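[1] What follows is a predicted protein model with its sequence.
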Amino acid sequence: MNRINKNFYPYLIFFLIVVPMTAFSQKVKNKNNYTYQVREEKGDLNHDGKMDKITVKMDTVDETRPLRLQVFLSQPNGKLTLAVSSDKIIEPQFPTENHGKFNGFQIPNFFIEKGVLKMWSEIKGGNITYHFKYNKGNFELIYVDKLTSDTTKGYVDENTIFTETKFNLITGVRTESDEKLGSAEAPKVRKKRVLIRPLPKIQDFKFSDKNRY
């Protein structure tokens, strides 16, 4: 019995060491599968007069096809340094909860305008644009512009009502306006104050947060 125990311990120790190392190496390997670039945009994001860059890459190994947003900032030596990386701001093309089905939305587009990083995304019944601005080392959400319709037919007609939402997170003012397609009536406007502090940072932002705005 003692001989069995003595022979067993080295195998046990080997198993305890090798298995975690294997799992760790698999995790590291999975993180490097974002190899297919689907978006790239250049512009000055931190107001230093130099061109910065954003990229969106897809993991083509993972069956859900997740996407990674990365923001690179120019340094004084002219090189680009990774400032932000997020795997959760963009919904995977084939979410797990969809059981292998496409999510129905195109990959978001990104624009850099006057130092603001804009992310335009399709949502159910419309689209939403997020505005992120660089501030003290972070990209903060400062503005949201959303347009949706109440149609359930797959097309719009004279009875379709469009709702435009403009949310200034800096002031906290959120405005909604309803307008019927082709109507001469003035839009119905609703306004309220919603203060979110601290301002959401791009690295903490999740694609499901669209429901908050």
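    Thanks, I have the structure now. Residues are numbered from 1 along each chain as shown.
[2] can you tell me which residues contact F110?
    Residues near F110 by C-beta atoms under 8 Å, 6 or more residues apart in numbering: 39, 41, 54, 56, 69, 117-120. C-beta coordinates here come from the backbone N, C-alpha and C atoms, glycine included.
[3] mind running it again at 6 Å?
    39, 41, 54, 119 (C-beta atoms under 6 Å, 6 or more residues apart in numbering).
[4] Mind putting these into TSV with pLDDT?
    Listed next are those as TSV, based on pLDDT from 0 to 100:
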residue	pLDDT
R39	98
E41	98
I54	98
M119	98
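[5] tell me the secondary structure for S208?
    Recorded secondary structure, S208: helix (DSSP: H, G, I helix; E, B strand; the rest coil).
[6] and it, how many neighbours?
    Using other C-beta atoms under 10 Å, S208 has 9 neighbouring residues.
[7] Please name the nearest non-neighbouring residue to it.
    Closest residue to S208 apart from its sequence neighbours, by C-beta to C-beta, 6 or more residues apart in numbering: E91 at 7.9 Å.
[8] Could you check how far the one you found is from F110?
    Per C-beta to C-beta, to the nearest Å, E91 is found 15 Å from F110.
[9] Which among the contacts of F110 count as buried?
    Among those, those buried by neighbour count (16 or more other C-beta atoms under 10 Å) are 39, 41, 54, 119.
[10] So which of those residues sit within strands?
    39, 41, 54, 119 (DSSP state E).
[11] which residues touch the last one?
    Neighbouring residues of M119 by C-beta under 6 Å, 6+ apart: 108, 110, 130.
[12] try the third one
    With C-beta under 6 Å, 6+ apart as the criterion, the residues that contact I54 are 41, 71, 110.
[13] Export these to a markdown table and append columns for distance to P95.
    Shown next, in a markdown table, are these (distance: C-beta to C-beta, whole Å):
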| residue | distance to P95 |
| --- | --- |
| E41 | 25 |
| V71 | 24 |
| F110 | 21 |
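[14] What is the nearest of these to G154?
    Distance to G154 across the contacts of I54 (C-beta to C-beta) is lowest for F110, with 27.9 Å.
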